[in-house]
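Chemist: I would like to see how this sequence folds:
(4 chains)
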2 protein chains.
Amino acid sequence: MTQTLTKSEATSGRIIAAARTLFVARNYADVTTDMIARTAEVTKGGLYHHFPSKERLYLSMMLDDLERKRLLFEKATTSPGSCRDRLSRLTRDFLELPREDRELTRLVRRDINTFSGEERDLLVRAYQRALPEQVETIIDEGIKNGELAPGDARILSWSFVALVEVVIGEYADHVYGSTQARLGHVVDLFFDGAGTPPTGGTL
Amino acid sequence: MTQTLTKSEATSGRIIAAARTLFVARNYADVTTDMIARTAEVTKGGLYHHFPSKERLYLSMMLDDLERKRLLFEKATTSPGSCRDRLSRLTRDFLELPREDRELTRLVRRDINTFSGEERDLLVRAYQRALPEQVETIIDEGIKNGELAPGDARILSWSFVALVEVVIGEYADHVYGSTQARLGHVVDLFFDGAGTPPTGGTL
DNA sequence: GATAAAACCGACCGGTCAGTCGGTCGGTAT
DNA sequence: ATACCGACCGACTGACCGGTCGGTTTTATC
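Modeler: Residues are numbered from 1 along each chain as shown, chains lettered A, B, ... in the order given. From the prediction side, this is the model:
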């Protein structure tokens, strides 16, 4: 029966959940395996029964999360509508995620220097597949069909992602009351810019 | 004589320089005081003769750097010309900095969780004074004189800074050959957006 | 060249933390 | 009942690292 979790799966799940919460709140180095274990209500021995190392635990948590995000954003990418519509949908999907899920996306940039070699690559690739590449696909099509001005799709996708990250910051919370307002800021700024038209304004 | 450094100043300078290079390359926790000392060609005892703690060393380095940047960007902020001209000048000044100086600006965001209390506040305030507040001042005036559409100046300034950070990344290096191209991307995208005009394109 | 202060050294300490390991316990198949 | 197994425990270890301190060298000053 798929709805019944084994004891092992339940414990692993608690450990992953504890790791998520703690790693979002503090740097990788400042979160101890003891803290994670206590939060998950197991001992350190129990934690190491399920995960071979602190790095692998972090990686498992991030990789799982990024794969779920990739699947979510893929729906927006492959949905019908204009480039602007699809970018809006993807951004809305992201903004409507619980806070912890949104914050997790920033962790990759913050903690990337902690890893090296294969583990670093895994993390970077999973992140790129989850978010920037989805945006890039949409933008690429937007350029091809003339909805967007010609340019490097990758740089544009990173620019777009950077703008999204701005409106999920702390200060933004007290400026924008709704997801809709945040969404408007990002999409309008990206497509239309912040400037007023140079030739004959409305005033 | 101002051109002659005392031994003490020379050594402090070497330590600061070593710290800069190492902290840019690795997380705060992954850089040991021993590494810094060896790179600066002193011993740990020598390092602690000049700085009271690892945190204070990091703080000294960042605060010095951010104050120099503030003075640099202030020139652009108070220079004559349109909002667009002054933002261009500020961005150009930033992009023409040596790589290490540019990367340092990103460290504040990366390492901010390492600190708490007064030290954290010092760091955040110095960063904001150095870059986002300069941009905000320019944008605020741009909104007042109609060059920019109405909006929250602070969110707009953070958006602008976020776009600048995109074009100093690794991938951007191989897309853009020149500072001028990077500058164009940021300023054009911010003012005009990436979209094509909806009413009667040029084709 | 005597003297004092500043600069510098490096062995050492105390604490922390990732990871280990021998062992316990509850379930389950035989 | 017995044998077995995966889950879990928690005391322990070994390495590392920030910071200290008594002592030595260099520099500045008269």
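
Chemist: Any residue of the worst-scoring helix or strand of chain A on mean pLDDT touching chain B?
Modeler: One helix or strand of chain A scores below all others by mean pLDDT, DSSP states H and E: helix A:170-175, with a mean of 83. Yes: using CB under 8 Å from any CB of the partner chain, we find that helix A:170-175 touches chain B at A:171-172, A:175. Quick note: C-beta positions are derived from backbone N, CA and C, even for glycine.

Chemist: What is the burial count for the closest residue to A:Arg26 other than its chain neighbours?
Modeler: Nearest residue to A:Arg26, sequence neighbours excluded (CB to CB, 6 or more residues apart in numbering or on different chains): B:Asn113, at 5.9 Å. Using other CB atoms under 10 Å in any protein chain shown, B:Asn113 has 16 other residues around it.

Chemist: again, but for A:Phe73
Modeler: 23.

Chemist: again with A:Thr105
Modeler: Applying other CB under 10 Å, we find 21 residues neighbouring A:Thr105.

Chemist: Domain boundaries for chain A, per the record?
Modeler: Per automatic domain parsing, the domain ranges recorded for chain A read A:1-51, A:54-192.

Chemist: Now do the phi/psi pair for the residue nearest to A:Arg26.
Modeler: Backbone torsions for B:Asn113, taken as degrees, to the nearest 10, come to phi -70, psi -10.

Chemist: Could you pull out the buried residues of stretch A:42-57?
Modeler: Under the neighbour-count criterion of 16 or more other CB atoms under 10 Å in any protein chain shown, stretch A:42-57 has A:42, A:47, A:50-51, A:54, A:57 buried.

Chemist: In helices, which of those residues fall?
Modeler: Applying DSSP state H to these, the entries found in helices are A:47, A:50, A:54, A:57.

Chemist: With pLDDT and distance to B:Ala19 as extra columns, can I get the residues you listed in TSV?
Modeler: Listed next are those as TSV, based on pLDDT from 0 to 100; distance: CB to CB, whole Å:
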residue	pLDDT	distance to B:Ala19
A:Leu47	97	35
A:His50	96	39
A:Lys54	97	26
A:Leu57	97	31
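
Chemist: Which single one of those residues is nearest to DNA strand D?
Modeler: If you rank those by distance to DNA strand D using CB to the nearest atom of the strand, A:His50 comes first, at 6.0 Å.

Chemist: tell me the contacts of A:Lys44?
Modeler: When contacts are counted by CB atoms under 8 Å, 6 or more residues apart in numbering or on different chains, A:Lys44 touches A:33-34, A:37.

Chemist: Throw together a ChimeraX command that grabs the buried residues out of those.
Modeler: Of the contacts of A:Lys44, the buried ones go into a single ChimeraX selection, burial set by 16+ other CB under 10 Å:
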select /A:33,37
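
Chemist: Using JSON lines, please lay out the contacts of A:Lys44 together with pLDDT and distance to B:Gln128.
Modeler: Formatted as JSON lines, those follow (pLDDT from 0 to 100; distance: CB to CB, whole Å):
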{"residue": "A:Thr33", "pLDDT": "97", "distance to B:Gln128": "35"}
{"residue": "A:Asp34", "pLDDT": "97", "distance to B:Gln128": "35"}
{"residue": "A:Ala37", "pLDDT": "97", "distance to B:Gln128": "38"}
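
Chemist: could the contacts of A:Lys44 go into CSV alongside distance to A:Thr78 and secondary structure?
Modeler: Formatted as CSV, these follow (distance: CB to CB, whole Å; DSSP: H, G, I helix; E, B strand; the rest coil):
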residue, distance to A:Thr78, secondary structure
A:Thr33, 40, helix
A:Asp34, 44, helix
A:Ala37, 41, helix
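
Chemist: which among the contacts of A:Lys44 are in contact with DNA strand C?
Modeler: Among the contacts of A:Lys44, proximity to DNA strand C is found for A:33-34 (CB under 7 Å from any atom of the strand).

Chemist: and which of the contacts of A:Lys44 is nearest chain B?
Modeler: A:Thr33 (15.0 Å; CB to the nearest CB).

Chemist: I'd assumed A:Lys54 was in contact with the closest one.
Modeler: Yes: the criterion here is CB atoms under 8 Å, and A:Thr33 meets it with A:Lys54 at 5.4 Å.

Chemist: Show me the helices in chain A, by range?
Modeler: Under DSSP H, chain A gives helices at A:7-25, A:33-39, A:44-50, A:54-77, A:83-95, A:99-111, A:117-130, A:132-144, A:153-166, A:170-175, A:179-192.
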